[in-house]
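Peer 1: Kindly generate the corresponding structure for this input.
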Amino acid sequence: MSPVLGKKPWIRLGAVAITAVVALSACSAGTDGGSAAEGSGGTLTIGMTASNIPLLDTAMSGSEGGEGWRFVGNQLYNGLTQWDLSDPDVVPTIIPALAESWEVSEDLTTWTFTLREGVTFHDGTPFDADAAVYNLGRYVDQGDPQFYPELRAAASEPVAGLKGFSKIDDMTIEITTVGPWANLPSDLATLYFASPTALEELGNDGFLKAPVGTGPFEFVELQEGESLTLASYDDYWAGEAKVDNLVLRPIPDATARVAALRNGEVNWIEVPQPDDKEGLEAAGFTVELNSYDHIWSWLLDTQKEPFNDVRVRQALNYAIDRESLSENLLQGTAEPVAQFVPKANFAYDAANDVYNYDPEKAVELLTEAGYPDGFTITLSYPTGGSGNMLPTPMNEALQADLAKVGIDVVLEPIEWAAMLQDYFVGNMPGGAEAMTISMSLAAEGNWAAYLQSDSATNPPGYDNPEVDALFALAKETGDVDERAAIYTEAGKIITEDAPWLYVVTDLNARAIAPSVHDFEMPQSWYVDLTQLWVE
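Peer 2: Residues are numbered from 1 along each chain as shown. Prediction:
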């Protein structure tokens, strides 16, 4: 099924041969169709923080958190839209992908998408209106023969606003929404499209083991729990990737990831330990950092004591030393965040940075709330996983800060996948009063998904009618700048209400071997792997 198998015969040789080639390409000149002189070729091998290979079916690639969309979803597939990652100095915006353009009705409920000509799935199936409608039926229409409940659950946020869809002509589709939905193009960036031909041949279960999309890389081999191998797709609509092959390896332990980088097993790792940053740079590795739209936080159960009192929630936000956490423990791989909105979000306003380290104010607020002697809470936190940085030492540092104002925090570790299961049904794991999780506000739909009062993914049970009204107003506002101002106002209120403990924005640290060339670090959760190459 894959034309790349003929071009790169080593892929046929099985697990032992793949491992050998990966190790060689991590530390020597590329042999897979490119050279240093040509500025192309080689194999990029990434050590992910994930504990497993994400599921491979379109939106289900988020099964391991955002890292799954970053390295699986956006590589195998495209949405109608995508994030523009071309300039590392600006906050990314939404641009066309499988749709080359779109129009929307005045009431923001009817969207007409003109599809991109000449796009093919990896098996040669054309991408057209029939393929788009087939895929939307898998996500949306419970009466459609293609409807896949597990896929709809995985894509709950982007699918939430969709009401209907239809083919207008061979290269045009229409999507209607349940009401005004100004942020639909943002939501559609991770609503990926799969080959109808492959789905009909393989079924949903078979497709999970041999996915076929339109993305820059095509499937080669899956070794469950060990590795996923992809190869550049020759006929990719935006131009063939410069690197020949992409191998993903789940390595949840930070020490093991650094060791794998140093010994040449991989040539790229996510989230190196901060203590290793200086040593890695001295050894010739590059540690890439950039601000992006992401916040590492605690979610606080606003429906239970003591967090049903806003003064208590605010007290926690004044009681933690973000500067020390960022500079000492994390050694500059994160920056303090003093409000709900990260700096790399279009709604960020520095005037809303209200929380500084002020333990005296924290004690004052706790006393006003009736807790002069503090209290005990349980924090559920993942031991690793996408976006979680160094959760155990970070939570231990926060535990120590809060103890100074009389708050005793009992730390209860939980496996990342188990935490996600609870989160996606709106539960605090194990009845805990708080949970650690990392969040992105890049997709506008995430705001309401996280904190709208009736959202199914709102474990804090946050309920503010004024914020709900602002979210509704944003959906009715077509102008991006006006919408940003609305979100800024919502962010100000959410910051003051403090349903979360706002801790740090990590700087998306990744360490890369000197054999990897021409990678640019965007201000985004996502990355463009098509322009780099490996010696």
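Peer 1: counting contacts, what elements does the helix or strand hosting Ala472 pack onto?
Peer 2: Assigned by DSSP states H and E, Ala472 falls within helix 465-475. Where contact means 3 or more CB pairs under 8 Å, 6 or more residues apart in numbering; DSSP states H and E, helix 465-475 is packed against helix 445-451, helix 480-497. (C-beta placed from N, C-alpha, C; glycine too.)
Peer 1: Report the angle between that helix and helix 480-497.
Peer 2: For helix 465-475 against helix 480-497, the angle by axes from the mean of the first three to the mean of the last three CA atoms, to 10 degrees is 160 degrees.
Peer 1: And the contacts of helix 465-475?
Peer 2: For helix 465-475, contacts defined as CB atoms under 8 Å, 6 or more residues apart in numbering pick out 108, 161, 179-183, 444, 447-448, 451-454, 483, 486-487, 489-490, 493-494, 497.
Peer 1: The residues you listed, buried ones only, as a PyMOL selection?
Peer 2: Buried residues within those, by 16 or more other CB atoms under 10 Å, are selected in PyMOL with:
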select buried, resi 108+161+180+181+182+183+444+447+448+451+452+483+486+487+489+490+494+497
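Peer 1: hey, least reliable of the helices and strands packed on helix 465-475 by pLDDT?
Peer 2: Between the helices and strands packed on helix 465-475, the one with the least mean pLDDT is helix 445-451; it has a mean of 92.
Peer 1: which ones are touching Pro96?
Peer 2: Residues in contact with Pro96, defined by CB under 8 Å, 6+ apart, are 80-82, 102, 116.
Peer 1: From one end of stretch 510-528 to the other, what's the distance?
Peer 2: Terminal residues of stretch 510-528 are spaced 14 Å apart (CA to CA, to the nearest Å).
Peer 1: One more: stretch 528-535?
Peer 2: End residues of stretch 528-535 are separated by 18 Å (CA to CA).
Peer 1: So which bits of it are buried?
Peer 2: Those would be 528-535, for stretch 528-535 by 16+ other CB under 10 Å.
Peer 1: could these go into CSV alongside distance to Ser156, secondary structure and pLDDT?
Peer 2: Below are the buried residues of stretch 528-535 laid out as CSV (distance: CB to CB, whole Å; DSSP: H, G, I helix; E, B strand; the rest coil; pLDDT from 0 to 100):
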residue, distance to Ser156, secondary structure, pLDDT
Asp528, 26, coil, 97
Leu529, 27, coil, 98
Thr530, 29, coil, 98
Gln531, 32, coil, 97
Leu532, 33, coil, 98
Trp533, 37, strand, 98
Val534, 37, strand, 98
Glu535, 42, coil, 95
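Peer 1: between those, which is nearest Ala153?
Peer 2: Leu529 (27.7 Å; CB to CB).
Peer 1: Check whether that closest one really touches Ala241, as I assumed.
Peer 2: Yes: counting by CB atoms under 8 Å, Leu529 does reach Ala241; the two are 6.7 Å apart.
Peer 1: Between these two, which contacts overlap?
Peer 2: Counting by CB under 8 Å, 6+ apart, the contacts common to Leu529 and Ala241 are 216-217.
Peer 1: what's the neighbour count on Asp107?
Peer 2: By other CB atoms under 10 Å, the residues close to Asp107 number 11.
Peer 1: Looks to me like Gly206 is in a strand.
Peer 2: No: according to DSSP: H, G, I helix; E, B strand; the rest coil, Gly206 belongs to no strand; its state is helix.
Peer 1: residue contacts, it?
Peer 2: Gly206 touches nothing, counting by CB under 8 Å, 6+ apart.
Peer 1: residues of the helix holding Ala472 that come out buried?
Peer 2: Neighbour counts over helix 465-475 (16+ other CB under 10 Å) mark 467-468, 470-471, 473-475 as buried.
Peer 1: How about stretch 505-515?
Peer 2: By 16+ other CB under 10 Å, the buried positions in stretch 505-515 come out as 505-513, 515.
Peer 1: end to end, how far does stretch 75-84 reach?
Peer 2: Stretch 75-84 has an end-to-end distance of 15 Å (CA to CA).
Peer 1: do stretch 155-163 as well
Peer 2: Taking CA to CA, stretch 155-163 runs 14 Å from one end to the other.
Peer 1: Likewise for stretch 49-65?
Peer 2: OK, stretch 49-65 end separation, CA to CA: 10 Å.
Peer 1: next one: stretch 330-350
Peer 2: One end of stretch 330-350 sits 23 Å from the other (CA to CA).
Peer 1: any idea of the mean pLDDT for it?
Peer 2: Stretch 330-350 comes out at a mean pLDDT of 94.
Peer 1: Quick check: buried residues in it?
Peer 2: For stretch 330-350, burial by neighbour count (16+ other CB under 10 Å) applies to 330, 333-349.
Peer 1: Many thanks, have a good one.
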